[in-house]
Every structure is written in structure tokens, then in C-alpha cells.
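Visitor: okay, here's the prediction I keep looking at, along with the sequence it came from:
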Amino acid sequence: MFKKIMIIVLCLGGAVLLFAMDPESNIFPKCLFYSITGYSCPGCGSQRAIHDLLHLNISGAFRHNAFLVCSLPLVALLLILERRQSTHTKIYALFSSKVFIFSLILLVLSWWILRNILHI
């Protein structure tokens, strides 16, 4: 129980921090991969996108990291399924299958390549 409370407190604290402070400032760390290679990683812009979402600026969040914005409903669904896997066994089995995980990895890699080709 203590672990769950700590996770909730840390998530809320992170959300408050990202809401209050603009990730464009130098307080937040820059992407190490981008700093070294000059190429965007799949997660580049995620801090700024979450900041924009917390301020209800969906178009701004999309500009920073469209993949993150599109994947948040899936993340929410997966978190719910993880908590209720005993009552939704077929759906849980589908989302924990090797095919789904491989497809998700393929999507992330495709986003990584596409965003660097199109400079998005």
C-alpha cells in the first residue's frame, strides 16, 4: 500500500512540477541522444508535450511529440487492464501478447525514423 501511495505522490508531484515550470527553461535536462547525435529520439519533446497537455494546449503538445499524445489513451487502457487483469483475461492476454508488444516496438521505431526524416 505504501508503494502505491508513493507512486501516486511522485506522479502528482511531477505533474505539478511540469505544470508550474516550462520545460523550455534550462532547469530540465536536455535529451542526451539529441545532444550527441543531433537526431530526435522517440521521446524528444515529451516533457514539453506533457506541459502543454497539462495546460490544455493539445495542438502544442502535438507539435512537440505527436506519438506521445496519440499513445496516452493506450497507456491509460494498459494501466487499467493491469489493475483488472483477473476480470478482463482475454483483453489482457491480447495486450500482453508477443504480437502486440512487437507491433508496439515497430511503431516506436517507425516514429523514430519518420520524425527524423520529416523533421517533426
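Guide: Cool, the structure landed.

Visitor: buried set for the helix or strand encompassing Leu17?
Guide: Assessed by DSSP states H and E, Leu17 sits inside helix 2-20. If you call a residue buried by 16 or more other Cβ atoms under 10 Å, then helix 2-20 has these buried ones: Leu18. (C-beta placed from N, C-alpha, C; glycine too.)

Visitor: that one: how far from the chain's middle?
Guide: For helix 2-20, the separation from the chain centroid amounts to 15 Å (computed by Cα atoms, centre = their mean, to the nearest Å).

Visitor: tell me what that helix is packed against?
Guide: Other elements packing on helix 2-20 under the criterion 3 or more Cβ pairs under 8 Å, 6 or more residues apart in numbering; DSSP states H and E are helix 46-54.

Visitor: show me where this structure has helices.
Guide: Here the chain has its helices, by DSSP state H, at 2-20, 32-37, 46-54, 58-83, 89-95, 98-117.

Visitor: returning to what we had before: please work out the average pLDDT along the helix holding Leu17.
Guide: Helix 2-20 shows a mean pLDDT of 90.
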